[in-house]
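Peer 1: prediction below, plus the sequence it came from.
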Amino acid sequence: MRASGGAERVYLVDDEPGVLKALSRLLRSAGLEAVAFGSPEEFLARVDSSAEGCVVLDVAMPGLDGLALQDALAARGVALPTLFLTGHGDIPQSVRAMKKGAVDFLTKPVDDEVFLRAVREALARGRAGRSGREELARIRSRLATLSPREREVMAGVVAGRLNKQIAGDLGIAEKTVKVHRGRVMEKMEADSVAELVRMADRLGLGPRSGT
């Protein structure tokens, strides 16, 4: 499910119709698109990994509770930032558990401004996460264009090896290393070695990743 018309979508999952109605009205008044679900099962039946926005979950619901739903979303690869709502604010251990990976934990009845502020933070986190995933996908596609030898040279470069050291490691001429190095920088669209190292770190190929 994707938002239409450029509006950001907030998924509401709560077994209380009155809560869904009130929160939907509040979100729409703030220019946000709200989609309400009366049960976790209904939400899971319709959501997929392409969903964008954030999700607001009630903690205590029949069947799956909010925590179980959060786990189910993660298992499906649905990367939606999560806000928790509960009518039981006196259980600090549960609060700490729910804060794991959650943007916020709000108690009912929730103040309108507090709720909207938390939703906007969750949406911003979702945008940042999508941007990061899209950047990683671009880096991976560039890496796929490298030849096996270019990958070997790249590994040496990001490890801080000099051209003559890489040449010795690979048993090739230093001038050949220079040629491969230039191609690596061009194909990876890296303006500096520091940027190439950052890309390698994102890919899990950098020296700090133990490779």
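Peer 2: Good, I have the coordinates. Small disclaimer: the values here were computed from a predicted structure and weren't measured.
Peer 1: for the residue nearest the centre of the chain, give me its contacts.
Peer 2: When CA atoms, centre = their mean is applied to the chain, the residue found nearest the centroid is residue 129 (3.5 Å). Counting by CB atoms under 8 Å, 6 or more residues apart in numbering, residue 129 touches 79, 81. For the C-beta atoms, the positions are set from N, CA and C on the backbone; glycine is no exception.
Peer 1: please redo it, this time with the cut-off set to 10 Å
Peer 2: Each residue near residue 129 by CB atoms under 10 Å, 6 or more residues apart in numbering is listed here: 52, 79, 80, 81.
Peer 1: tell me how far the second one lies from residue 52.
Peer 2: Residue 79 sits 9 Å away from residue 52 when distances are taken as CB to CB, to the nearest Å.
Peer 1: for the residue lying farthest from the centre of the chain, phi and psi?
Peer 2: No residue in the chain sits farther from the centre than residue 173, which is 42.7 Å out by CA atoms, centre = their mean. Main-chain torsions, residue 173, degrees, to the nearest 10: phi -70, psi 150.
Peer 1: do the same with residue 49
Peer 2: The phi/psi pair for residue 49 (degrees, to the nearest 10) reads phi -70, psi -10.
Peer 1: sorry, back to before: not counting sequence-adjacent ones, nearest residue to the residue farthest from the centre of the chain?
Peer 2: When the adjacent residues along the chain are set aside, residue 173 lies closest to residue 167, with 6.2 Å between them (CB to CB, 6 or more residues apart in numbering).
Peer 1: pLDDT value on that neighbour, please?
Peer 2: Here the pLDDT value assigned to residue 167 is 94.
Peer 1: swap in residue 190?
Peer 2: pLDDT, read off for residue 190, is 93.
Peer 1: nearest residue to it other than its sequence neighbours?
Peer 2: residue 196 (4.1 Å).
Peer 1: touching, the one you found and residue 188? I think so.
Peer 2: Yes - the pair residue 196 / residue 188 is scored as a contact, 6.0 Å apart, by CB atoms under 10 Å.
Peer 1: next, show the common contact partners of these two.
Peer 2: Taking CB under 10 Å, 6+ apart as the criterion, residue 196 and residue 188 both touch residue 154.
Peer 1: re the thing from before, so how far is whatever helix or strand the residue nearest to the centre of the chain lives in off the chain centroid?
Peer 2: Using DSSP states H and E, residue 129 maps to helix 112-143. The chain centroid and the centroid of helix 112-143 are separated by 6 Å under CA atoms, centre = their mean, to the nearest Å.
Peer 1: and the helix or strand that that helix is followed by, which residues are buried?
Peer 2: Following helix 112-143 in sequence order, the next helix or strand is helix 148-158 (DSSP H and E). Judged by neighbour count using 16 or more other CB atoms under 10 Å, the buried positions of helix 148-158 are 150, 152, 153, 154, 155, 156, 157, 158.
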